[in-house]
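Q: Structure, please.
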Amino acid sequence: MPQLIDKKKKIFIYLFLMIFLTTINNLSLSNSGYLKLKINQIKVYGLNDENNFNISEEFNRLISQKNLFFINKDYFVNVLEKNNLVHSFKVRKIYPNSIEVQIQKTKFLAVTNYNKKKFFIGSNGKLINFQSSDKNLPYVFGKIKIEEFIKFKKIVVNSKFNFEEISELYFFPSGRWDIKTNKGILIKLPKKNLLKALNLSHDLITNENFKNNKVIDLRIYNSVISTNE
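A: Next up is the predicted model:
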């Protein structure tokens, strides 16, 4: 019986200490600077002044006067994922009360038409409203899936072609691609073995014997059809 009483006393003491220490820790946290780190400045870099300002203002509405110590990435992801110009970003907390958001702008890869409007295709897999550009970007024809275009572009980059050599790309419902070079040569590619076909077509258009040809057709397996029309 005395042992049972001793055990009850120990449990009571442990519970008392736990509650006491928890209270002390909470008081310490309340009195510390952690709960006073109110955000009063959010700086955004990486886009033009107007876009940086608009994003900064949206952040301010969401997290202004919140505690810097407890802010996490989700606050920023929800805003930045809605902006089609953003490829990636980094967030830096600057104690005691400011945040810096460094944005990497998406690269414009090509131009296409969607619902009778022109758009840039971004490296982030999104369509961006078209504005006049001094970049000589290729034009993509057809109802494309952006992820398919980006996948195809990677194959082109890994081939002997320089993507900048291409002025137009044509996507067909069957999933097949044609490309036209800056020199006006149309290359009809097969649906499969694209890397091999691209390397072969590049060898052909740089060969003196094919210098006058305007169409290279590689759609039939193990066959090359070329014409000068």
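Q: is it fair to say Lys192 lies in a strand?
A: No: per DSSP: H, G, I helix; E, B strand; the rest coil, Lys192 lies outside any strand segment and is coil.
Q: Run a quick neighbour tally on it.
A: 10 (other CB atoms under 10 Å). C-beta: built from backbone N, CA, C; applies to glycine.
Q: what sits against Leu68?
A: The neighbours of Leu68, taking CB atoms under 8 Å, 6 or more residues apart in numbering as the test, are Leu37, Lys38, Ile39, Lys93, Tyr95, Pro96, Asn97, Ser98, Ile99.
Q: Okay, it and Lys153: tell me how far apart.
A: Distance of Leu68 to Lys153, computed by CB to CB, to the nearest Å: 41 Å.
Q: residue ranges for the helices of this protein, please.
A: Ranges of helices in the chain, per DSSP state H, are 2-31, 49-63, 74-80, 146-157, 194-205.
Q: Could you tell me the least trusted of the ones you listed?
A: Of all the helices of the chain, mean pLDDT reaches its minimum on helix 2-31 (a mean of 46).
Q: residues contacting the nearest residue to Lys191 once chain neighbours are set aside?
A: Leaving aside its chain neighbours, Lys191 sits nearest to Arg176 (4.7 Å; criterion: CB to CB, 6 or more residues apart in numbering). Under the criterion of CB under 8 Å, 6+ apart, the neighbours of Arg176 are Leu189, Pro190, Lys191, Arg219.
Q: what about stretch 211-227, distance to the chain center?
A: The chain centroid and the centroid of stretch 211-227 are separated by 36 Å under CA atoms, centre = their mean, to the nearest Å.
Q: ok, and for it, which residues are buried?
A: Within stretch 211-227, the residues that count as buried by 16 or more other CB atoms under 10 Å are Asn213, Ile216, Asp217, Leu218, Ser226.
Q: Quick one: end-to-end distance for that stretch.
A: Separation of the first and last residues of stretch 211-227 by CA to CA, to the nearest Å is 11 Å.
Q: which residue packs closest to Val101, ignoring adjacent ones?
A: Per CB to CB, 6+ apart, closest to Val101 is Val44, 4.7 Å.
Q: now Asn213
A: In space, Asn213 is closest to Ser226, 4.4 Å off (CB to CB, 6+ apart).
Q: Since that was my last question, I'll sign off now.
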